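>>> coords below, sequence missing:
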């Protein structure tokens with residue numbers, strides 16, 4: 001582990017010598033993640049992208065990519081686009097990336113079950129803003145919005161999400 005890794009446990013996250021409160025999946029931390037369990041998977045996950053809403057915030061990092069109203073994330077395990085970003089119109093099950101609430105105003109993408117998704121292993125594990133302090137997610141890791149922005153300005157392509165039991 002390095003100081004630039006995001007090290008997450010059920011109690012919080014260490015990053016660059018600081019401790020941050022965070023939320024994890026409602027299913028806790030799991031060594032055996034599967035579709036729909038609401039768990040955050042243990043392991044070392046690379047951060048492979050950063051998305052942001054340009055209508056709500058300035059570009060937080062050189063490598064952040066803007067998202068717009070047509071951007072979606074496929075969560076339909078029966079389709080070839082499963083666990084990949086796609087665009088509307090899209091007839092299969094998906095999650096809209098431009099939400100009415102601020103949860104996805106800034107999102108880090110991890111390589112959990114990506115780019116070659118295994119059906120049943122679970123859809124994307126994002127890092128995003130929390131709904132309220134410590135409110136559980138569907139498996140993602142979530143932070144207070146100002147903490148998420150602070151982290152976004154300091155992560156690099158070498159930063160990893162390390163989830164420990």
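Looks like it came in fine. Everything numeric here is computed off the predicted structure, so don't read it as measured data.
>>> part of a helix, is residue 148?
Yes - judged by DSSP: H, G, I helix; E, B strand; the rest coil, residue 148 forms part of a helix.
>>> list the contacts for it?
106, 127, 128, 129 (Cβ atoms under 8 Å, 6 or more residues apart in numbering). C-beta here means a position set from N, CA and C on the backbone, and glycine is covered the same way.
>>> same check on residue 102?
Applying Cβ under 8 Å, 6+ apart, the residues near residue 102 are 56, 129, 145.
>>> for the most centrally placed residue in the chain, which non-adjacent residue is closest in space?
Centroid-nearest residue in the chain: residue 126, 1.0 Å away (criterion: Cα atoms, centre = their mean). Among residues not flanking residue 126 along the chain, residue 140 sits closest, at 4.5 Å (Cβ to Cβ, 6 or more residues apart in numbering).
>>> residue 130 is in contact with that neighbour, correct?
No - between residue 140 and residue 130 no contact is recorded; they are 9.4 Å apart, counting by Cβ atoms under 8 Å.
>>> between the contacts of residue 148, which is closest to residue 78?
residue 128 (25.2 Å; Cβ to Cβ).
>>> quick one on the thing from earlier: just the buried ones among the contacts of residue 148, please.
The neighbour count (16 or more other Cβ atoms under 10 Å) marks 106, 127, 128, 129 as buried among those.
>>> so which of those residues sit within strands?
If you go by DSSP state E, these have 106, 127, 128, 129 in strands.
>>> make TSV out of these and add pLDDT and distance to residue 66.
Shown next, in TSV, are those (pLDDT from 0 to 100; distance: Cβ to Cβ, whole Å):
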residue	pLDDT	distance to residue 66
106	98	11
127	98	18
128	98	16
129	98	17
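>>> possible to save these as JSON lines with distance to residue 32?
As requested, those are arranged in JSON lines below (distance: Cβ to Cβ, whole Å):
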{"residue": "106", "distance to residue 32": "30"}
{"residue": "127", "distance to residue 32": "21"}
{"residue": "128", "distance to residue 32": "23"}
{"residue": "129", "distance to residue 32": "27"}
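>>> of the residues you listed, which is the nearest to residue 163?
Using Cβ to Cβ, these come closest to residue 163 at residue 127, 10.8 Å.
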